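**Q** when you get a sec, could you give me coordinates for this:
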Amino acid sequence: MTDTFEYAARPGNTALSLAAFAGLSFLTVQLWAVIPGYVLLLLLPALAISLAQMIFVPNWGLRMGRSVWQLDIGRDKVSIPVGRIAYLEVADRRGQTRIAVVLETGERIAMPKQALPDPLVLIREATSRGIPVRHT
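**A** Model prediction:
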């Protein structure tokens, strides 16, 4: 076991976004001499939107350390001290796996599927850190 387990995911396909941006850029350059009004009206806003989507796409992830678990949910970050975690709850109903961290106070913190690795990997990492796992 390493001291820290990290998992990060980014929705979408970065290579496809870059290819689309490159294609729009090439089209913009080629059409500028022929129809600049069309380029200004349609292609420049499309380029701006494409670039903004690549820059502002939120990251999802989980970082499990010795003293704190940090959950990145899009633009929000949730820190959970390990000492407050009672157990990890894994609910598998109708093919949909839902995972939540249950604190000693009984509070449940749902963990979005986008921010999590494979459930078996998560269970292995949690149990190796001494966090019990309950399957419901």
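**Q** break the chain down into its domains, please.
**A** 11-56, 59-135 (automatic domain parsing).
**Q** now the end-to-end length of the shortest one.
**A** In terms of C-alpha to C-alpha, to the nearest Å, the two terminal residues of domain 11-56 are separated by 11 Å.
**Q** low-confidence ranges in the protein?
**A** 1-2 (pLDDT under 70).
**Q** residue closest to the middle of it?
**A** Among the residues of the chain, the one closest to the centroid is residue 60, at 1.9 Å (C-alpha atoms, centre = their mean).
**Q** what's the longest helix in this protein?
**A** Counting residues, the longest helix in the chain under DSSP state H turns out to be helix 14-32.
**Q** so which residues make contact with the helix or strand that it is followed by?
**A** Remark: after helix 14-32, the chain's next helix or strand is helix 36-38, criterion DSSP states H and E. By C-beta atoms under 8 Å, 6 or more residues apart in numbering, the residues outside helix 36-38 that reach it are residue 31. Bear in mind the C-beta positions are built from the backbone N, C-alpha and C, glycine included.
**Q** distance between stretch 36-50 and the chain's centre?
**A** The chain centre lies 30 Å from the centre of stretch 36-50; the measure is C-alpha atoms, centre = their mean, to the nearest Å.
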